[in-house]
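[1] any chance you could fold what I've pasted below:
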Amino acid sequence: MSTAVKRRIRKTALTAGPALMIIMAAGVPAQAAGVPAQAATATPDVSVAASAGTTYATAMLNKLGRQAHLERVAAQLPALRQHAAARATEAGNARTAQAGTAASVTRASTADTAARAKLASAKRAVTLAKKAVTAAKKQRPYSSTRVATATKAKTTAENAVRTKAAAVTVTASALSAARKADTTATRTLNAATATYQGAAKKVSNAQLAIKAWPAERAALAAQAASLSQQVVTQSRSSFATTNVYGVTVNRVVAYQFQHMIDDAAKAGVKLSGGGFRTKQQQIALRTANGCPDVWTAPASSCRVPTAIPGRSLHEVGLAIDMTADGKSMNTRKSAGFKWMAAHAGNYGFVNLPSEPWHWSITGG
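    Numbering: from 1, shown residues only. Coordinates of the predicted model:
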């Protein structure tokens with residue numbers, strides 16, 4: 001299958017949404033898909049025919065898409081935790097720094113309050129000293145010594161005011177600087193805290209999603225399994241096929257089949273097989289396999305078990321005779337069968353017990 005086709009299958013499944021999935025599931029009349037006229041029967045109402053296939057395909061899409069997403073999340077979780085831990089350290093450091101600037105504000109405020117109290121006291125002393133000078137001047141008999149002493153005391157008080165005022169300038173400046181530093185530290189703390197909370201939330205969400213996934217996966221798998229027979233029934237009336245890596249299958253199962261082939265390849269198992277075949281091909285196969293009667297003899301009576309025409313899931317593209325590394329899965333001891341036995345169920349495919357190579361969405 002070309003890269004463009006692969007992308008189209010995946011894009012259609014992932015982004016089309018329910019409306020287009022209905023079209024994919026219902027497909028076009030069988031003749032348009034290359035099926036001879038005798039293999040196509042009456043086409044029912046599309047909304048009815050498509051419903052099971054759409055829901056089934058959507059359930060498998062959600063299951064496999066969600067599983068792939070959570071596998072990536074699980075792989076990223078250690079890094080997410082490490083990132084959250086680093087942000088926690090940054091938030092802790094910011095908290096310590098802000099506590100220091102808050103303490104500095106308290107100290108600066110205390111010092112400024114004390115300096116202002118001393119200035120106020122010095123100003124009151126100046127007022128008293130001025131009154132003392134006035135009183136000394138009025139006192140009789142007049143004494144220049146007394147006036148000089150009072151005047152000197154006033155000058156000393158005024159000098160003290162200037163000294164205290166200068167001290168207030170220093171403490172006020174220190175308090176302003178401390179407050180600015182605390183404002184900056186508080187902003188840094190808030191930003192660091194928000195960043196940490198965001199990182200911690202990502203870790204929490206990832207852990208919750210991973211924990212919830214087994215139940216969600218089971219529910220989606222059960223939903224798909226419960227619909228598989230309806231998909232078969234509705235496909236008997238109308239279906240469409242597509243090509244996945246050279247294997248023609250019903251569009252309803254194209255996404256999961258392609259996903260399975262890709263994942264098997266990653267595990268070193270090259271899967272392929274034979275999917276859809278026409279009724280004429282089924283008749284020819286029954287004849288080649290020595291069935292006593294093409295139309296009535298049970299599948300088990302043939303040299304190789306072969307379904308009666310009209311009953312094979314191959315005729316609706318919902319079954320694949322699997323091969324691995326170019327060889328048929330004639331034995332359950334093969335690496336291909338062992339991989340399928342362990343993993344195919346995850347993609348909605350079930351083995352027909354009498355045929356190791358035969359896999360379908362119902363096991364039939």
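[2] can you show me the helices along the stretch 101-250 of the chain?
    Here the stretch 101-250 of the chain has its helices, by DSSP state H, counting those that start in this stretch, at 144-235.
[3] my bad, should have said the stretch 251-364 of the chain
    For the stretch 251-364 of the chain, helices defined by DSSP H, counting those that start in this stretch occupy the ranges 254-266, 279-288, 335-343.
[4] looking at those, which is buried most?
    helix 254-266 (a mean of 21; mean count of other Cβ atoms under 10 Å). Every residue, glycine included, has its C-beta placed from N, CA and C.
[5] ok so, going back, nearest to Ala85, of the helices of the stretch 251-364 of the chain?
    Of all the helices of the stretch 251-364 of the chain, helix 254-266 sits nearest to Ala85, with 31.8 Å by Cβ to Cβ.
[6] tell me what angle the closest one forms with helix 144-235.
    Helix 254-266 runs at 100 degrees relative to helix 144-235, counting by axes from the mean of the first three to the mean of the last three Cα atoms, to 10 degrees.
[7] so what touches helix 254-266?
    Helix 254-266 is contacted from outside by 1, 6, 9-10, 13, 57, 60-61, 64, 242, 244-245, 247, 249, 270-272, 320, 339, 343-344, 346-349, using Cβ atoms under 8 Å, 6 or more residues apart in numbering.
[8] try it again with 7 Å
    With contact meaning Cβ atoms under 7 Å, 6 or more residues apart in numbering, helix 254-266 is reached by 6, 9, 13, 57, 60-61, 64, 242, 244-245, 249, 271, 339, 344, 347-349.
[9] from those residues, which land in strands?
    Thr242, Val244, Val249, Leu271 (DSSP state E).
[10] follow-up on the earlier one: now the contacts of helix 254-266: which count as buried?
    Applying 16 or more other Cβ atoms under 10 Å to those, the neighbour count classes 9, 13, 57, 60-61, 64, 242, 244-245, 249, 271, 339, 344, 347-349 as buried.
[11] sorry, back to before: what is the nearest of the ones in strands among the contacts of helix 254-266 to Cys302?
    Using Cβ to Cβ, Val249 comes nearest to Cys302 of these, at 23.6 Å.
[12] what about whatever helix or strand Ala91 lives in, distance to the chain center?
    For Ala91, the element it lies in under DSSP states H and E is helix 46-138. Centroid separation for helix 46-138 versus its chain: 27 Å, with Cα atoms, centre = their mean, to the nearest Å.
[13] likewise stretch 189-204?
    So, by Cα atoms, centre = their mean, the centroid of stretch 189-204 is 17 Å from its chain's centroid.
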